[in-house]
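> Got a predicted model here, sequence first, then my questions.
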Amino acid sequence: MADDRVLQPVTRAMGSLLPGLPQILSGRWGAGGMALSAWLLLIVIVVTRTDRLLAAAGGAWDERLALLTTVVGLVAAWSWCWRDLGRQTGARMAGVDQWSLAVRAFSRNRTAVVGLILIVLIYMVALLAPLITPHDPYEAYELTTMRLQGLSAAHPLGTDHLARDVLSRVLYGARISLTIGFVAVGISVTIGTMVGAVAGFLGGMVDNVIMRFVDMVISFPRLVLLIAIVALFESSISLVIIVLGLTLWPSTARIVRGEVLGLREREFVEAARALGYSKRRIILRHLVPNALPPVIVAATLGIGNTIVLEAGLSFLSLGVQPPTPSWGTMVADGRDELLNAWWLSTFPGLAIVFTVLAFNLVGDGLRDALDPRLRS
């Protein structure tokens, strides 16, 4: 106890200067590394982009969002560190629930934690793009002198065929790809969870009708269906999100149905029936929360798959339309210049690879952490 009283002011002082450092030194490098990385990134932005931060208050909506993200991120990292230190030095909890055990198991999976840190940094970069991009992603410089320029100090990732800065377009493209992936998966997971829960709980004819419809949707070639729908209407970000969200839900529905078939005979569901609870309440309050672990894993892996699908549509000129930057359109723009201007397709392609890899690492880590049979 004496050592703890001596070390407590030191750890609090380190937490004030560098949030996350005390957690790293205590062996919790996952949570500490994420907080410290986010804090350092925001501090660098504040120091090097002070003029943009001051101008963002009266700027466009994305600039104000970047300013809000900076302020909230700094406060959140600092306050989390102090609250975490308080919990560590306070009294220990008498019991630990399953979610706490899952968090501990996930934090011990270093590859999954690295993937989570990458995802947090990628989302922060996407939100902070107006503050950190060196150039306007839509600005075309002198075509005769700046077209297809290689890597340089002024343009770290070179310029494209319209003399636009590739680094700025890659950073802005992250906002499009991540937004489409997150929102589309949110729509598909919501629909799939409700459809699967209803089919699994009601059973009988309702289950047969719903699952035959799910099989019919799955049987359609997804890419061909996406191309047909997008080709019939004017392509836009909203249309891409809706189309992806409405075509990716069947796999989630089958997962949830399988979980609910095992849960509906459990004692707590029988007790809810005996108490006279409605079917809607049993599904929403008792079955869906207990079926969430596999849904969370499916959603995490689904975001990576959705980003790849969106990039494929954009590559085929059926997704996000120019001049809006998207990783898929950037890869498509460089396919005819692979030998002379390799950077046009390489860097947005690497962005897709690392983003999808990060989501897959987190998905694998969540699968192991949420399954009690796989916890070490």
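Happy to help now that I have it.
> With adjacent residues omitted, what lies nearest to Val114?
Excluding the flanking residues, the one nearest Val114 by Cβ to Cβ, 6 or more residues apart in numbering is Leu361, at 6.7 Å. All C-beta spots, glycine's among them, are computed from the backbone N, C-alpha and C.
> The one you found: which element?
helix 343-370 (DSSP states H and E).
> That helix - contacts with which helices or strands?
If contacts are counted by 3 or more Cβ pairs under 8 Å, 6 or more residues apart in numbering; DSSP states H and E, helix 343-370 sits against helix 98-107, helix 110-127, helix 166-202, helix 292-315, helix 327-333.
> Mind listing what's buried along that helix?
343-349, 351-352, 355-356, 358-370 (16 or more other Cβ atoms under 10 Å).
> Poorly predicted segments of the stretch 51-200 of the chain, please.
Within the stretch 51-200 of the chain, the stretches with pLDDT under 70 are 85-99.
> repeat that with 50
Residue ranges of the stretch 51-200 of the chain with pLDDT under 50: 90-95.
> quick one on the thing from earlier: and the helix holding Leu361 with helix 292-315, angle?
170 degrees (axes from the mean of the first three to the mean of the last three Cα atoms, to 10 degrees).
> what distance separates helix 343-370 from the centre of its chain?
10 Å (Cα atoms, centre = their mean, to the nearest Å).
> Kindly report the same for stretch 171-189.
The chain centroid and the centroid of stretch 171-189 are separated by 8 Å, computed with Cα atoms, centre = their mean.
> Could you export it as CSV, CA atoms only?
Provided in CSV are the C-alpha atoms of stretch 171-189 (Å, rounded to 0.1, in the frame of the first residue of the first chain):
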residue,chain,number,x,y,z
LEU,A,171,-7.3,11.1,-47.0
TYR,A,172,-10.6,12.5,-48.2
GLY,A,173,-11.4,9.2,-49.9
ALA,A,174,-11.2,7.5,-46.5
ARG,A,175,-14.2,9.5,-45.4
ILE,A,176,-16.3,8.1,-48.3
SER,A,177,-15.2,4.5,-48.0
LEU,A,178,-15.5,4.3,-44.2
THR,A,179,-18.9,6.1,-44.2
ILE,A,180,-20.3,3.7,-46.8
GLY,A,181,-18.9,0.7,-45.0
PHE,A,182,-20.1,1.7,-41.5
VAL,A,183,-23.6,2.9,-42.5
ALA,A,184,-24.3,0.1,-45.0
VAL,A,185,-23.3,-2.5,-42.5
GLY,A,186,-25.4,-0.8,-39.8
ILE,A,187,-28.5,-1.1,-42.1
SER,A,188,-27.8,-4.7,-43.0
VAL,A,189,-27.1,-5.8,-39.4
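> tell me the domain boundaries of this structure?
1-91, 143-374 (automatic domain parsing).
> Return the most buried member of the ones you listed.
Each of those was scored by mean neighbour count; the highest is domain 143-374, a mean of 18, by mean count of other Cβ atoms under 10 Å.
> Okay, Gln321 and Ile176: tell me how far apart.
Distance, Gln321 to Ile176, using Cβ to Cβ, to the nearest Å: 11 Å.
> Tell me if I am right that Gly319 is in a strand.
No - using DSSP: H, G, I helix; E, B strand; the rest coil, the assignment for Gly319 is coil, not a strand.
> That one and Glu310 touch, don't they?
Yes - at 5.7 Å, Gly319 counts as touching Glu310 under the criterion of Cβ atoms under 8 Å.
> intersection of neighbour lists for those two?
Residues within reach of Gly319 and of Glu310 at once, by Cβ atoms under 8 Å, 6 or more residues apart in numbering, are 240, 326, 328.
> Report the spatially nearest residue to the first one, omitting neighbours in sequence.
When you say that, I think you mean Val240. In space, Val240 is closest to Gly319, 5.4 Å off (Cβ to Cβ, 6+ apart).
> Pull the contacting residues for the one you found.
Counted by Cβ under 8 Å, 6+ apart, Gly319 has contacts 230, 235, 240, 310-313, 326, 328-329.
> Of those, which is the nearest to Val183?
Closest to Val183 out of these is Val240 (9.9 Å), distances taken as Cβ to Cβ.
> how close does the closest one get to Trp61?
Counting by Cβ to Cβ, the gap from Val240 to Trp61 is 21 Å.
> and what of Gly196?
From Gly196 over to Trp61 the distance is 37 Å, taken as Cβ to Cβ.
> got it, and Ser26?
Ser26 is 40 Å from Trp61, by Cβ to Cβ.
> same thing with Met146?
Noted for Met146: a distance of 29 Å to Trp61, by Cβ to Cβ.
> for Phe359, same thing?
Phe359 is 27 Å from Trp61, by Cβ to Cβ.
> before we move on, what about Ile227?
Look at Ile227 and Trp61: by Cβ to Cβ, they are 32 Å apart.
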